[in-house]
Structures are given as structure tokens and as C-alpha cells.
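[1] I would like the atomic coordinates for the input below:
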Amino acid sequence: MKITFVLPNLGLTGGMRVLSIYTELLQKRGHKILIVSTPERPPTLLQQLESLVRGRGWLPAPKKEPSHFDNVDVERRVLEISRPITDLDVPDADIIMATWWETAEWVAKLSPSKGAKVYFLQHYEAFDYIPKGRVEGTWRLPMHKIAVAQWLADIARNEYGDLSASLVPPTVDTKQFYDPQLRSKQPQGKQSVPTVGMYYSTTPWKGCDIALKAFSIAAKKIPNLRLVAFGSGETPPSYLPLPEGTEYIMAPTQDQLRESYSRCDAWLFSSRSEGFGLPIIEAMACGTPVIGTPAGAAPEMLAGGGGILVNLDDPEDMARAIEQICQLSDAQWREMSEIALNTVINYTWEDATDLFEAALYVAQKRQPELTT
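    Reported below is the predicted structural model:
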């Protein structure tokens, strides 16, 4: 098949990582892939004025950022400016896929010759800073939908009456994320110093403030509790500081990610909302139990006992779970660690690509009914 992926822009988000993996594996199966994206938007006039008023000067044009696609041998086209794509920007193909609500609006207006229209659902972007009505409108578009998590497929069915959405969860590369001690035939045990880890972000729905509050509560009962954190590149601002003594890695490499997960007794997943939540399965692949809120895929992934599901937006409940895991005996912790590992290792990226590819063929078959 000829498949065109329409991306808002390229970057290092988890969603982009998933798409880059599918791109590479689909190409190995003989499909011809094209990535079409827009450049980063330049600062608006209002943003420039706000920057000047605050004494920060004129904001520079955005620089080209690194991307998960940088090491994938795939044809890419980046538009000259940030604007909606049109028929002139994309070739005729078998499939054209929207990967974000805004790109779904663009794809919906394209000619049928550009391919069967697919909407890859990696989140439900009904946030305060996004026009919710437009987001909801994209879920009603006559496009075959592929959802990365059950809760997204449930929204498509229950709120928008779409009974045909395909569920295709992502997975984790166990060649990249693994328990290094297990590979050396020395299964990981509890840390000599109680340690928990987290992803640091100032994005409100990531719930970083919840994890930090939970850590501070738990640290009062576990005086030597240590925190490991990584972030996508932002220096923690004063309004959301990390506790003193935190080991913080900005823009970590994949090896540094694995090391961070592997050095923890538990990984804190504190999101208020999440499409899937790749850190959940990355940590579990490293043999690290997850303490998670019921966001994204956490309810399904933690149901077997590879971690603890806690109440949403409840730092006290998360703190209790930290204490619970830190109080486990080494044998009890190893049992939870093994469950976490076994939850993720039997579903590979090849398995996920089988499902993804099958969903694309379904989209082709459904095209006549969706366009009438």
C-alpha cells in the first residue's frame, strides 16, 4: 500500500515515537510511506508583545528540533509554512492518516484519490486551551479510527456512535527497555536506598504536581526516600520545583531512560489525562512496578498486579502506595517486578504492527460506506 501520514510537526513526543516505529516496520513489509508535516509555528504577535513587556526581548524563530524520525529512512515533506495541507501537498495513495485533531480537519477535506481516510487516535484533546467543539467535530468525521487505548475506543463507541474503531495498543521495545540485571542472570531486587521515579513536565494534565506532593508526603515517613526524574528538556521553574537531592536528567537518551527506570523501586505515573502512557510499559519492561492513576492504559496494564492503581488527583493515595511498595520484602517486591515484566514482554512491535496493518485494510474496505 501507499500510505501518507499527516503530522502536525515532528518531535520527540511519545506519540511521534510510536508513529516512527510503525513507519519503519510498515516499510520493511513492503509498504511505501510518506510523512507530511508542518514546521513549528513562529511566535504570534501577542506572544511577542508579552515577551517584550516581561523584558525577555523579541522571541526568535523556532529552531528545527530533533525528532524520532531522524533515524528512520522514510520520505518526508515539511511544508514551507504552518498551514493546512491541501491536495497539492500530498500524492494519490491507498491510505491517508490524520494523527492529531487539527490534521483530521485537513484530511477530511482532501480528495478521495488521496486514499482511504484514517484517524489515528492517541488522545482525546478536550483541553481548556484547545477548541473543544472542533475536537469533538473530528470524532464525528467519516474516517476509520484506530485507537491506542481501550478508553479511546470506548469514547468513539459510547459518545460518537462509532462501533468500528480498531483497537491497536502500542508496546515497548524489549531490546531497548529491559532489566539489565536480569540479562546478567542477576535478577533485580529492591534498591539499597528506597527510590521512586517520575516524568517531569509542567503540562498540567501530566499531573507532575501530584507526584511531587506524593513524594513529599511519603518522604516524611521514609526519610531516606530518593527521587529520580527525567524531562523532555525544560529546566524546572520556581513554581514547580523538584525536591532537594533529586537526580534530574533533561532530554535523556534511550539508554539513560532505561537506567532511570531500572534504578527505581516504583515508577510514578500521575497523569490526570493520557492517551496511552508509554512510561507505564517502559518501566514495567525494566522490571519496575508502576504506581499509576486511572489514566491512559494504566487500568489495563496494572490490573494483573504489576503495580498499584491509585485514585486520580490524590497525592495522599499515591503516597500510601509508595510506602506500601517500599515496605515490601525483597521477595514480595521481586514477585511484583516479575508480574510487571511479564505483563509487557509477550506483545511485540511486530504484533502491534500486525494489528495496525489489519486496521488499514479495514479502512480500505470501509471507504465506500464512509464516503456515501
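
[2] Tell me which residues are up against stretch 158-172.
    With contacts defined as Cβ atoms under 8 Å, 6 or more residues apart in numbering, stretch 158-172 is touched by 18, 21, 121, 139-140, 144-150, 152-153, 156-157, 276, 278, 281-282, 284-285, 297, 344, 347-349, 351-352, 355-356, 358-359, 362, 366. Bear in mind the C-beta positions are built from the backbone N, C-alpha and C, glycine included.

[3] quick check, distance from that stretch to the centre of its chain.
    Offset of stretch 158-172 from its chain centre (Cα atoms, centre = their mean, to the nearest Å): 16 Å.

[4] what's the single longest helix in the chain?
    Assignment by DSSP state H gives helix 349-370 as the longest helix of the chain.

[5] Strands - which of the contacts of stretch 158-172 land there?
    Judged by DSSP state E, those include 121, 144-147 as members of strands.

[6] P241: neighbour count?
    10 (other Cβ atoms under 10 Å).

[7] so what's it up against?
    Taking Cβ under 8 Å, 6+ apart as the definition, P241 has no contacts.

[8] Could you look up the SS state of it?
    Secondary structure for P241, judged by DSSP: H, G, I helix; E, B strand; the rest coil, is coil.

[9] hmm, back to that, tell me what the longest helix of the chain is packed against?
    Packing partners of helix 349-370 (3 or more Cβ pairs under 8 Å, 6 or more residues apart in numbering; DSSP states H and E): helix 14-28, strand 95-98, strand 116-121, strand 144-147, strand 166-167.

[10] Give the pairing partners of the last one; include direction for each.
    In other words, strand 166-167. Using DSSP bridges, the strands paired with strand 166-167 are strand 144-147 (parallel).

[11] what's in contact with the partner strand?
    116-121, 139, 153, 156, 162, 164-168, 356, 359, 362-363, 366, 370.

[12] Same check on stretch 105-113?
    Against stretch 105-113 from outside (Cβ under 8 Å, 6+ apart): 6, 84-87, 90, 92, 96-98, 114, 117, 119, 134, 137-138, 141-143, 367, 371.

[13] rerun at 6 Å
    Residues from elsewhere that reach stretch 105-113, judged by Cβ atoms under 6 Å, 6 or more residues apart in numbering: 6, 84-85, 87, 92, 96, 98, 117, 141.

[14] If we go by neighbour counts, what in stretch 144-156 is buried?
    For stretch 144-156, burial by neighbour count (16 or more other Cβ atoms under 10 Å) applies to 144-149, 151-153, 155-156.

[15] and what of stretch 75-83?
    Going by neighbour count (16+ other Cβ under 10 Å), the buried part of stretch 75-83 is R76.
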